[in-house]
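Chemist: any chance you can model this:
(chains A and B, ligands or ions: 1)
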Amino acid sequence: MEDKSILKEFAPQIEKTSIKWWVFFLIFFGMAWFGVYGLYTQIADGHIVTGMRDNVVWGVYIVNFIFFMGISYAGALISGVLHLFKTEWRKPIMRISEILTVVSLLIGPTFILFCIGRLDRLHFLMLHPRIQSPITWDVIAISTDIVGCFIFLYLSFIQDFAILRDYKELKLPNWRKKLYKTLALGYVNTPAQEKNIRRVKNVMAAMIIAIAVIVYSVLAWIFGVTLQPGWHSTIFGPYFVIAAVYSGSGILIILMYIFRKAYHLENYITKKHFVNIGIIMLIIAAFYGYFTFSDYLTKWYGSVKADKVLIDKLFTDFYWFFILSNYVGVLIPLIIMGIPKFRTINSITFAAVIAVLGLWLNRYLIIVPTLETPYLPIQDTREAWIHYSPTWVEGALTFGGIGLFACLFMLASKFVPIVSISELTEEDPQEEKYM
Amino acid sequence: MENKEKDDNKSSRRGFLKLGAGLGAAAVASTLGSSLFSLSAAANSETGEKVKVLTTDGQLIEIDKAYIEKSKDTYISRDESHKGIPARKFVMVIDLSKCKNARKCVDACQEGHHLPHDHEWMRLYLLQESANTAPYWFPRPCFHCDNPMCVSVCPVGATYKRSDGIVLIDNERCIGCKFCMTGCPYSVRVFHWKAPSEEAKKEKYSPEKGFPAQEGTVGKCIFCPDMLRKGELPRCAQACPMGVIYFGDLVEDTVTNGTETIKFSDLVRDRGGYRYLESLGTEPSVYYLPPSTRQFPYERGLEGLDENIKDRYKNAIRSNNFSIDVDKSQKTK
Ligand code: SF4
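Modeler: Numbers count the residues shown, from 1 in each chain, chains lettered A, B, ... in the order given. You can find the predicted model right below:
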């Protein structure tokens, strides 16, 4: 029923685990445990161990939260759009972007939990919800998103599970084979089953796109609805969505690079993929630069005092952050992707790294400087409490998050082929193309 | 909705007056709209000891102590704390012309609410609007807005606005998400970074007292409803040696700083009262009287401060290019 040769090629990826894989896994696992230790310290000693204080009440945690959520939405958007448009070249990278969506969606929301003073009362969000609060919107939106993305991911896994189940030569322990059998849900690739799954996938892809836009806008409104200078901006919803896709396409390129090297996928993930995703990144970079520019221009040009104080702060205390995130982080990817001569796999990946780092800094610039410049100047408070700088605990949890992200990704790549076999072997039926 | 509330207020006040008249204290009761005290229903034999009470039209009258019942230290449960004190709409007026950063309000507040020393509910700012305007001291309690951002954004209803205008926090409901802290444009809210002191822990928690506050939740100035129920002024207003802080009731249109009782509307009209950052539309319940015809030069506010408190104004003084420099004022002292 399917091309056995492809399967043969991918089987070793899930059958054997190299020493190198273990080394990396243990490093990331160690990072995750470092995060757990940080979390333990924070719970045992209270939030005073973080750099957060009465003015800057949210710090790196919220930055990471927005960042990981952004990656996830971008993964969803990219996989959803590519799926709906039935782009032929999408097939080898679909799986990576789907896993990216789900894994970062698991990491992101945990970061917001670290900002919460009373984790023991978390269930109050369900017991006593107030629909007027953007946090409640977020709870609803994110949980919907998690469910939706899981369904989408699972749908795209079912056919692969069936293939793995039917591939008798697979050298795996019995429980793994049984697990595939259960997870395949009795899928045997009859035309009717195939048609059903394709239909559901199309519906889910469309829904995921809508959910992704809504969820990320809701997240932006947590800041947008407040009166704080710098946050109270009508542009925040779309701005956050664009920024999310920007970081997400960057992460996708980085992951493509890593998996291409690690699992020798040179035949599948080619320069074409890097260029195509790179071009998506180029277009988004232009939008993102434009949004950033218009947001700061309107704040800077006028003379509203609170805005002026914020802009002054950005160009003094945060000068290098500002340059790196909003100039370097936009221009380098624009130049590398804009000039065809520069487009090599290595340089595109480099541009992606710059874009991702720039975007993280951009998040930091949205959160911290605004909290440091409230309407009433920060006074009559301990001097050490005025400026925010993250402590080792916040660093530990950030590294922990990255470590866990990598661990989950590595485990997922051992569980199913990192390139979707069913997608690769299957033709897109002409009549179902939407575009 | 607002109108309806006002009507309710009126009728209940009338009821209160009628009750007084029925007790035969007609002469007193008919003029007594007085605010922070309540008439005793049991008209005991007169003690001969007179007490000053203010009336609705802003007059000070004397009545016998027997007619006044200082309500006891009643425990107000979390549920009860959601209801305001009936027929009240509290308001504060801060006279900036008299403030010299004596910080007695801060101390009284800290002590009364068992707050640690780096955790102030009342703050004193040294403000200057622009280079050519005069600097002044600006005490900042919670503004108890009628359109409070903090209440809107709270995901679990841990902070609420009552019928008497007070915004409270229920520390047993608060999950510590800090959203209200970013929501408040006046930086009023503070986080409880530490567990409450042993002394505070001995008492039973009520949102009206604000202690023992729990670690990991949010706190702020609450206008001392526990004092108000006893018929006393909030701690800061009582403590201020300059009489800067007037507190009172919009329904009765009177405010008092403990020594002087004035009609609120007259005071605000005659002295050009205003609300801070009116443009944000939060409708604060705290009014400021501009720092005109000042009784002290603002430099006086830096005298005699503890070194660590003085440090808190270093940046303000530097960034505003005030004529004074902190270290010099230290020497002159
Ligand atoms: S910190 Fe507490 S009071 Fe403030 S919004 Fe969150 S739950 Fe509500």
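Chemist: need the residues of the stretch 101-250 of chain A near chain B, please.
Modeler: A:115-118, A:121-122, A:124-125, A:127-130, A:132-136, A:139, A:222-223, A:225-228, A:231 (C-beta under 8 Å from any C-beta of the partner chain). The C-beta positions use only the backbone N, C-alpha and C, and glycine is treated the same way.
Chemist: mind checking which of those residues are in helices?
Modeler: A:124, A:125, A:127, A:134, A:135, A:136, A:139, A:222, A:223 (DSSP state H).
Chemist: am I right that residue A:35 is in contact with residue A:399?
Modeler: Yes - if you go by C-beta atoms under 8 Å, residue A:35 and residue A:399 touch, sitting 6.2 Å apart.
Chemist: of these two, who's got more company?
Modeler: residue A:35 (23 against 18; other C-beta atoms under 10 Å in any protein chain shown).
Chemist: who's in contact with the nearest residue to the more buried one once chain neighbours are set aside?
Modeler: Of all residues not flanking residue A:35 in the chain, residue A:400 sits nearest, at 1.3 Å (C-beta to C-beta, 6 or more residues apart in numbering or on different chains). Contact partners of residue A:400, counting by C-beta atoms under 8 Å, 6 or more residues apart in numbering or on different chains, are A:31, A:32, A:33, A:34, A:35, A:36, A:38, A:39.
Chemist: max pairwise distance over those: which two?
Modeler: A:31 and A:39 (12.9 Å; C-beta to C-beta).
Chemist: low-confidence ranges, chain B, go.
Modeler: B:1-46, B:51-59, B:65-73, B:319-333 (pLDDT under 70).
Chemist: and it, what are its domain boundaries?
Modeler: Using automatic domain parsing, the domain parsing of chain B gives B:2-69, B:80-289.
Chemist: by proximity to chain A, which residue of chain B wins?
Modeler: Residue nearest to chain A within chain B (C-beta to the nearest C-beta): residue B:176, separated by 2.1 Å.
Chemist: in this structure that residue contacts residue B:193, no?
Modeler: No - counting by C-beta under 8 Å, residue B:176 does not reach residue B:193; the two are 10.6 Å apart.
Chemist: higher neighbour count, these two?
Modeler: Neighbours per residue (other C-beta under 10 Å) separate residue B:176 from residue B:193, with residue B:176 holding more: 24 against 20.
Chemist: any idea how far the more buried one is from residue A:151?
Modeler: Distance, residue B:176 to residue A:151, using C-beta to C-beta, to the nearest Å: 33 Å.
Chemist: now stretch A:321-341, how far from the chain's geometric center?
Modeler: 20 Å (C-alpha atoms, centre = their mean, to the nearest Å).
Chemist: rounded mean pLDDT for it, please.
Modeler: The average pLDDT for stretch A:321-341 rounds to 92.
Chemist: and if you look at stretch A:190-204?
Modeler: 87.
Chemist: swap in stretch A:41-59?
Modeler: 90.
Chemist: do stretch A:159-179 as well
Modeler: 83.
Chemist: name the helix or strand for the residue nearest to residue A:35, please.
Modeler: Following DSSP states H and E, one finds residue A:400 within helix A:392-415.
Chemist: distance of residue B:101 from residue A:190?
Modeler: From residue B:101 to residue A:190 the distance is 83 Å (C-beta to C-beta).
Chemist: revised request: answer the last question for residue A:222.
Modeler: Applying C-beta to C-beta to residue A:222 and residue A:190 gives a distance of 47 Å.
Chemist: compare these two (neighbour count), which wins?
Modeler: The neighbour count for residue A:222 versus residue A:190, taken as other C-beta under 10 Å, is higher for residue A:222 (25 against 9).
Chemist: for the stretch 251-400 of chain A, what spans make up the helices?
Modeler: A:271-301, A:305-316, A:319-322, A:329-338, A:345-372, A:392-415 (DSSP state H, counting those that start in this stretch).
Chemist: and of those helices, who's closest to residue A:238?
Modeler: Among the helices of the stretch 251-400 of chain A, helix A:271-301 sits nearest to residue A:238 (C-beta to C-beta), with 7.0 Å.
Chemist: tell me the angle that closest one makes with helix A:329-338.
Modeler: With axes from the mean of the first three to the mean of the last three C-alpha atoms, to 10 degrees defining the directions, helix A:271-301 sits at 150 degrees from helix A:329-338.
Chemist: angle of helix A:271-301 against helix A:305-316?
Modeler: Using the same axes, to 10 degrees: helix A:271-301 against helix A:305-316 is 130 degrees.
Chemist: list the buried ones in helix A:271-301?
Modeler: Within helix A:271-301, the residues scored as buried using 16 or more other C-beta atoms under 10 Å in any protein chain shown are A:273-278, A:280-282, A:284-289, A:291-292, A:295-296, A:299.
Chemist: contact residues of the stretch 151-300 of chain B facing the ligand?
Modeler: B:153-154, B:156, B:158-159, B:169, B:174-180, B:218 (C-beta under 6 Å from any ligand atom).
Chemist: which residues touch the host helix or strand of residue B:105?
Modeler: Per DSSP H and E, residue B:105 falls inside helix B:104-112. Helix B:104-112 is contacted from outside by B:115, B:117, B:119-124, B:139, B:221, B:224, B:235-241, B:244-245, using C-beta under 8 Å, 6+ apart.
Chemist: is chain A contacted by whichever helix or strand comes after that helix?
Modeler: Next helix or strand after helix B:104-112 toward the C-terminus (DSSP H and E): strand B:123-127. Yes - residues of strand B:123-127 contacting chain A under C-beta under 8 Å from any C-beta: B:123, B:124, B:125, B:126, B:127.
Chemist: the strands in the stretch 151-300 of chain B, which residues?
Modeler: With DSSP state E, counting those that start in this stretch, the ranges of strands along the stretch 151-300 of chain B come out as B:159-161, B:167-169, B:190-191, B:218-219, B:245-249, B:254-256, B:261-263, B:286-289.
Chemist: quick one: neighbours of residue 207, just the number.
Modeler: Since you didn't name a chain, this refers to chain A. Counted with other C-beta under 10 Å, residue A:207 comes out at 16.
Chemist: meant chain B, my bad for not saying
Modeler: Around residue B:207 there are 27 residues (other C-beta under 10 Å).
Chemist: residues near the residue nearest to it when sequence neighbours are not counted, how many?
Modeler: Nearest non-adjacent residue to residue B:207, counting by C-beta to C-beta, 6+ apart: residue B:81, 4.2 Å away. Using other C-beta under 10 Å as the criterion, residue B:81 is surrounded by 20 other residues.
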